[in-house]
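Student: for reference, the sequence and a predicted model appear below.
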Amino acid sequence: MQSQLIERAKALLADGTVDRVLGWKAGEFAYDMTPALFSSAQELDEGFAYDAFCGANLSKYLVKESRKGGRVLAFLKPCDTYSMNQLLKEHRILRENVYLIGVPCQGKTDVETLRALGITSITAARQEGEDLVVETLYGQRRIPLAEAMAERCKACKGKKHMIYDERIGEEGELENPDRFGQVAALEAMSSEERFAFWRGELSRCIRCNACRNVCPACTCEQCVFDNPASGVDNKAAATSFEENMFHIIRAFHVAGRCTDCGECSRVCPQRIPLHLLNRKFIKDINTFYGEYQAGEEAEGRTPLTAYTEGDVEPSVVYTKGGND
Amino acid sequence: MQVNEGFKPTIVAFCCNWCSYAGADLAGTNRLQYPADVKIIRVPCSCRVNPLFILRAFQRGADGVILCGCHPGDCHYTTGNYYARRRMTLLFSMLDYLGIERERTRVEWVSAAEGVKFAATMNDFVSTVTALGENKRLEDLRCKAN
């Protein structure tokens, strides 16, 4: 797969269709695949990589890349194409300056997931059929892909690309995973239990802002968390209130626009399950305002920029089922 | 309902300029009683209220926050309260999800002619929050000390 992508990128560079290529390359270790820009065939040969660790969603980088002049080629996995569509809907990406190639994805893994399975000292990983083969300093380990996948990939929306100029590999199918099981489990708890759960999670937050920086929905040029006059600017959270507030406001700002790509949870150094906040909003929007999947289309209104006269009243929150 | 003796809650009421604030005025001119614990903040429209305002009120020591606006369909700006309705529904649901007592937040539609409804709503909300007691789950401890 990797060589196929490199060949195609080289061809597009050679015939002048694109000037730069946005892809992934290995960082210090084989498992920290990081987004990177390539501008020549030689650079592609030396650095370009596509494997089971390439979880990073490249669509957000196009906000800036599409404004730098010339045309940029980007490789998008199926879930990244939702973010791409959403950004196009918000007029954040200059479509004519990007060339999109849809690449297949069987689910990505990450080093934390593998460590949890007891695999350390990883030097490489590749997919063989339904298995993930991990090379380590202590020998080879073979695990079923379904087990090795990152949390977010276990609730994959499907392997179908929403937008592309060309596609490598077969067109995939949409899937209908149970995305809201964990949210429903939390909702069924008592108010005290939920409070304790979220205190436990959010109190680990170190306000590194990684979730905001990686989020394809967070593309405001001036973010409220960077505004010193807002009172919630960039600083370590001093109290439990500030820890809560950052996450409530961040989740609210992307409500209705979040495509559930799961990047926030992937990059969190404290492993806070941030996707559970976003999924709660998605679940509520689906329940109250009809099924909606952000990024399915590049046009139309998002649920929070629309309304109907017969919308439910906010008191629905007090009367809904579940424990207090 | 249990009664918390001696506890006086701080209630912040965001009232839209065109309906609810006039409703509060009417309640006043009609000599209708409602607790003085309610601090009214006038906003141009219910949709002016950003979720941050609500959280900020809690941070600065509010025990309950209520948003009052024109009845849906009667907004001075035609559609503002429809947007506010969606936002607040989602915000309150999220606060509930994080384990903050859902009774501390409320939205009521009060028109300029509904002085009686305004007073009744505030009386009811204050007694609900009094029964809940002090806001402990969503507050900034530094603000409470002063």
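Tutor: Looks like it arrived, so ask away.
Student: can I get stretch A:102-110 in CSV? Just the C-alpha atoms.
Tutor: C-alpha atoms of stretch A:102-110 as CSV (Å, rounded to 0.1, in the frame of the first residue of the first chain):
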residue,chain,number,x,y,z
GLY,A,102,-8.8,8.6,-0.6
VAL,A,103,-6.8,5.9,0.9
PRO,A,104,-8.2,2.7,2.4
CYS,A,105,-8.0,2.1,6.2
GLN,A,106,-8.7,-1.1,8.1
GLY,A,107,-8.5,0.6,11.4
LYS,A,108,-5.5,2.2,13.1
THR,A,109,-3.7,1.2,16.2
ASP,A,110,-1.6,3.3,18.6
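Student: the residue of chain A found nearest chain B: which element?
Tutor: In chain A, the residue that lies nearest chain B is A:Phe195 (2.6 Å; Cβ to the nearest Cβ). (C-beta placed from N, C-alpha, C; glycine too.) Here A:Phe195 sits within helix A:191-202, counting by DSSP states H and E.
Student: give the buried residues for the helix or strand just after that helix.
Tutor: Per DSSP H and E, the first helix or strand lying C-terminal to helix A:191-202 is helix A:210-214. For helix A:210-214, burial by neighbour count (16 or more other Cβ atoms under 10 Å in any protein chain shown) applies to A:Ala210, A:Cys211, A:Arg212, A:Val214.
Student: contacts for the lowest-mean-pLDDT helix or strand in chain A?
Tutor: Least confident element among the helices and strands of chain A, by mean pLDDT, DSSP states H and E: helix A:316-319 (a mean of 78). The contact list for helix A:316-319 (Cβ atoms under 8 Å, 6 or more residues apart in numbering or on different chains) reads A:Phe288, B:Thr89, B:Phe92, B:Ser93, B:Asp96, B:Arg102, B:Glu103.
Student: SS state for A:Arg141?
Tutor: Three-state call for A:Arg141 (DSSP: H, G, I helix; E, B strand; the rest coil): strand.
Student: helices or strands up against the helix holding A:Phe195?
Tutor: Judged by 3 or more Cβ pairs under 8 Å, 6 or more residues apart in numbering or on different chains; DSSP states H and E, helix A:191-202 is in contact with helix A:240-253.
Student: now do 10 Å
Tutor: Counting contacts by 3 or more Cβ pairs under 10 Å, 6 or more residues apart in numbering or on different chains; DSSP states H and E, helix A:191-202 is packed against helix A:181-187, helix A:240-253, helix A:275-289, helix B:80-97.
Student: the residue of chain B found nearest chain A: how many residues sit nearby?
Tutor: Here chain B gets closest to chain A at one residue, B:Gly99, 2.6 Å apart by Cβ to the nearest Cβ. With neighbours defined by other Cβ atoms under 10 Å in any protein chain shown, the count for B:Gly99 comes to 22.
Student: who's in contact with it?
Tutor: For B:Gly99, the contact set (Cβ atoms under 10 Å, 6 or more residues apart in numbering or on different chains) comprises A:186, A:189-199, A:244, B:137-138.
Student: need the residues that contact the helix holding A:Phe195.
Tutor: Against helix A:191-202 from outside (Cβ under 10 Å, 6+ apart): A:186-190, A:237, A:240, A:242-248, A:268, A:270-274, A:276-277, A:322-324, B:96-102, B:136-138.
Student: can I have the buried ones of these as a ChimeraX selection?
Tutor: ChimeraX command restricting the contacts of helix A:191-202 to the buried ones, with burial defined by 16+ other Cβ under 10 Å:
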select /A:186,187,189,237,240,242,243,244,245,246,247,248,268,272,273,274,276,277 /B:96,97,98,99,100,101,102,137,138
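Student: any chance of the helices and strands packed on helix A:191-202 in CSV, with mean pLDDT and distance to A:Asp19 too?
Tutor: Shown next, in CSV, are the helices and strands packed on helix A:191-202 (pLDDT from 0 to 100; distance: least, Cβ to Cβ, whole Å):
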stretch, mean pLDDT, distance to A:Asp19
helix A:181-187, 92, 43
helix A:240-253, 89, 33
helix A:275-289, 94, 35
helix B:80-97, 94, 42
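Student: deepest-packed of these, please.
Tutor: When you average the neighbours per residue for each of these (mean count of other Cβ atoms under 10 Å in any protein chain shown), helix B:80-97 leads with a mean of 23.
Student: tell me which element A:Glu221 falls in.
Tutor: Applying DSSP H and E, one finds A:Glu221 in no helix or strand.
Student: list phi and psi for it.
Tutor: Dihedral pair for A:Glu221: phi -70, psi -30, per degrees, to the nearest 10.
Student: contacting residues around it?
Tutor: Contacts of A:Glu221 (Cβ under 10 Å, 6+ apart): A:Val63, A:Arg92.
Student: and the gap between it and A:Val63?
Tutor: As judged by Cβ to Cβ, to the nearest Å, A:Glu221 and A:Val63 stand 10 Å apart.
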